[in-house]
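**Q** got a sequence here, can you build the structure:
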Amino acid sequence: MADEKKLDLVKVAPNAKPPVCRIMDYGKYKYEQAKKEKESRKNQKIINIKEIRLTPRIDEHDIVVKSNRAIKFLESGNKVKVTVRFKGREMGHTAIGKEVLEKFAELTSEVSAIEKKAKLEGRNMIMFLMPKN
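**A** You can find the predicted model right below:
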């Protein structure tokens with residue numbers, strides 16, 4: 001029957017008893033599947049994570065410059081990972097690093113929301129910011 005209609009015989013469910021087959025134009029079917037897949041990828045937005053590193057002893061102007069950079073990242077739809085690195089004796093004063101992260105979040109609060117609060121991981125304190133909708 002498939003040869004008469006000049007179409008392909010495609011096994012839809014080969015493991016079924018009896019196997020299920022369909023008569024169709026297989027080339028057209030593959031083309032439509034590829035087109036649907038391409039369209040679905042087109043609608044997806046890839047979100048990158050950008051990292052900004054700070055220190056507990058960062059100066060006022062430096063934190064403003066870094067926050068402006070983070071605002072640009074957030075406005076373009078990326079997430080921002082803010083990291084405060086502690087060296088040597090700074091590990092005894094992790095509260096200062098937490099204050100720096102809170103100040104950073106306050107400076108970027110117009111365009112961002114905190115996704116993950118500040119958390120100490122080894123010698124780094126990490127916080128994630130995501131863009132507001």
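**Q** hey, where'd the strands end up in the chain?
**A** Using DSSP state E, the strands of the chain run over residues 8-13, 20-24, 49-54, 79-85, 112-121, 124-131.
**Q** what comes up buried for the last one?
**A** Going by neighbour count (16 or more other C-beta atoms under 10 Å), the buried part of strand 124-131 is 125, 126, 127, 128, 129, 130, 131. (Glycine included, C-beta is placed from N, CA and C.)
**Q** so what strands line up beside it?
**A** Each strand paired with strand 124-131, and its direction, by DSSP bridges: strand 79-85 (antiparallel), strand 112-121 (antiparallel).
**Q** what does that strand rub up against?
**A** 49, 70, 74-75, 77-86, 94, 97-98, 101, 104-105, 108, 111-119 (C-beta atoms under 8 Å, 6 or more residues apart in numbering).
**Q** pull out the buried residues from those.
**A** With neighbours counted by 16+ other C-beta under 10 Å, the contacts of strand 124-131 contain buried members at 70, 74, 78-84, 86, 94, 97-98, 101, 104-105, 108, 112, 114, 118.
**Q** and this protein, what are its domains?
**A** Structurally, the chain divides into domains by automatic domain parsing as follows: 2-43, 49-131.
**Q** any chance of these in CSV, with mean pLDDT too?
**A** Formatted as CSV, the domains of the chain follow (pLDDT from 0 to 100):
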stretch, mean pLDDT
domain 2-43, 89
domain 49-131, 94
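**Q** who touches stretch 96-109?
**A** Outside of stretch 96-109, the residues within contact range by C-beta under 8 Å, 6+ apart are 54, 56-58, 63-64, 66-67, 70-71, 74, 80, 82, 84, 86, 90, 112, 114, 118, 125, 127, 129.
**Q** right, I'll leave it there.
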